[in-house]
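[1] I need the structure of the sequence given here:
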Amino acid sequence: MCIKYNRHYFFEVSGLISRLENSSNVRHNRAPRAIAIMVLMVMLIITGTMNILSAAVLAAGAMLLSGCLNMEDARASIDDKVLLVIACAYGLGTAVQKVGLADMIAGQALLIANGNPLVMLALVYIATALLTETITNNAAAIVMFPIAMSGAQSLDVSIAPFAVAVMISASASFVTPIGYQTNLMVFGPGGYRFTDYIKLGLPLSLIVACITLWLIPQIWAF
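    From the prediction side, this is the model:
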């Protein structure tokens, strides 16, 4: 007698995995549609036909209309906490600019750099890295770019190295769960602690910082 082997059933019975509550089986019959929609979205962005936001909204609508996703799952996938953090971060970034804090920071950085563009570049990178760990990367870039531009103009050097430093540093958010949307999204469901991000993220942030500050002056001259 031949017994059909089901690896999912075997793992569940043996206790290696357990069935997730309020979940449904994965449907593969609409996978080709979902892949086609995703590829189309990427092509629209790459060719410049649409911006990222418009293409993403169009793709989300196509997923709903094609039956790849239902309205209930779509609503459940929206994380209100993440959206609130992003909105508050943009408000903080605007406030920092309007109260003159950005100009004050730029002035202090120029005094410390003492006319050395490499020191100024490092200061811009470090300041952006600290900001991006407490607010979102977009807000950190919004706050730091005027500071970097002011510093480059005061030193009479190219803005390109400083712009790249802000771009990379704002995206290198590994030390806190609130620095980037995906960090925050997995923080609760993954059962992580704040210290877990510090232990694993701080060494990675230092490595990225060293490599970035070494490469930027060689590729984008002052």
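
[2] where does the prediction get shaky in this structure?
    Per-residue confidence for the chain (pLDDT under 70) gives these ranges: 1-27, 79, 81-82, 85-86, 89, 93, 96-97, 102, 106.

[3] got a list of what the most centrally placed residue in it touches?
    With distances taken as CA atoms, centre = their mean, Y180 lies nearest the centre of the chain, 4.7 Å away. For Y180, the contact set (CB atoms under 8 Å, 6 or more residues apart in numbering) comprises 132, 136-137, 173. C-beta here means a position set from N, CA and C on the backbone, and glycine is covered the same way.

[4] cool, and A163?
    Shown in contact with A163 (CB under 8 Å, 6+ apart): 145, 148-149.

[5] just A113 next, same as before
    Remark: with contacts taken as CB under 8 Å, 6+ apart, A113 is in contact with 119-120, 123, 151, 155.

[6] okay, buried residues for the lengthiest helix in the chain please.
    In terms of residue count, the longest helix belonging to the chain (DSSP state H) is helix 194-219. If you call a residue buried by 16 or more other CB atoms under 10 Å, then helix 194-219 has these buried ones: 197, 201, 205, 208-209, 212-213, 216.

[7] what separates it from the chain centre, distance-wise?
    With CA atoms, centre = their mean, to the nearest Å as the basis, the distance from the averaged C-alpha position of helix 194-219 to the chain average is 15 Å.

[8] equivalent analysis for stretch 213-222, please.
    In this view, stretch 213-222 has its centroid 23 Å away from the chain centroid, taken as CA atoms, centre = their mean.

[9] who's in contact with that stretch?
    Among residues not part of stretch 213-222, those counted as contacts by CB under 8 Å, 6+ apart are 117-118, 121-122, 125, 155, 157-158, 160-161, 164-165.

[10] list only buried entries from those.
    Under a neighbour-count criterion of 16+ other CB under 10 Å, the subset of the contacts of stretch 213-222 counted as buried comprises 117, 121-122, 125, 155, 157, 161, 164-165.

[11] farthest-separated two in the contacts of Y180?
    T136 and S173 (8.3 Å; CB to CB).

[12] overlap in contacts, the two.
    Contacts common to T136 and S173, judged by CB under 8 Å, 6+ apart, are 179-180.

[13] ok, which stretches of this structure are strands?
    Assigned by DSSP state E, the strands in the chain number zero.

[14] surely I198 meets V175?
    Yes. Using CB atoms under 8 Å, I198 is in contact with V175, at 5.8 Å.

[15] which residues are common contacts for the two?
    By CB under 8 Å, 6+ apart, no residue touches both I198 and V175.

[16] what's the domain layout of the chain?
    25-76, 80-219 (automatic domain parsing).

[17] any idea which of these is most buried?
    Using mean count of other CB atoms under 10 Å, the stretch among the domains of the chain with the greatest mean number of neighbours is domain 80-219 (a mean of 17).

[18] centre of the chain versus that domain, how much separation?
    12 Å.

[19] now the end-to-end length of it.
    41 Å (CA to CA, to the nearest Å).

[20] make residue 1 into 50 and carry on from there
    New numbering, starting at 50: the last item is domain 129-268.

[21] and the helices in the protein?
    Defined through DSSP H, the helices belonging to the chain, from first to last, are 56-62, 80-95, 101-114, 120-125, 129-147, 150-162, 166-181, 186-204, 209-220, 230-236, 243-268.

[22] just the CA atoms of the shortest one, as CSV, please.
    It refers to helix 120-125. Once non-C-alpha atoms are left out, helix 120-125 reads as follows in CSV (Å, rounded to 0.1, in the frame of the first residue of the first chain):
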residue,chain,number,x,y,z
MET,A,120,-10.7,44.2,0.7
GLU,A,121,-10.6,42.6,4.1
ASP,A,122,-7.0,41.5,3.7
ALA,A,123,-6.1,44.9,2.3
ARG,A,124,-7.5,46.7,5.3
ALA,A,125,-5.8,44.3,7.7
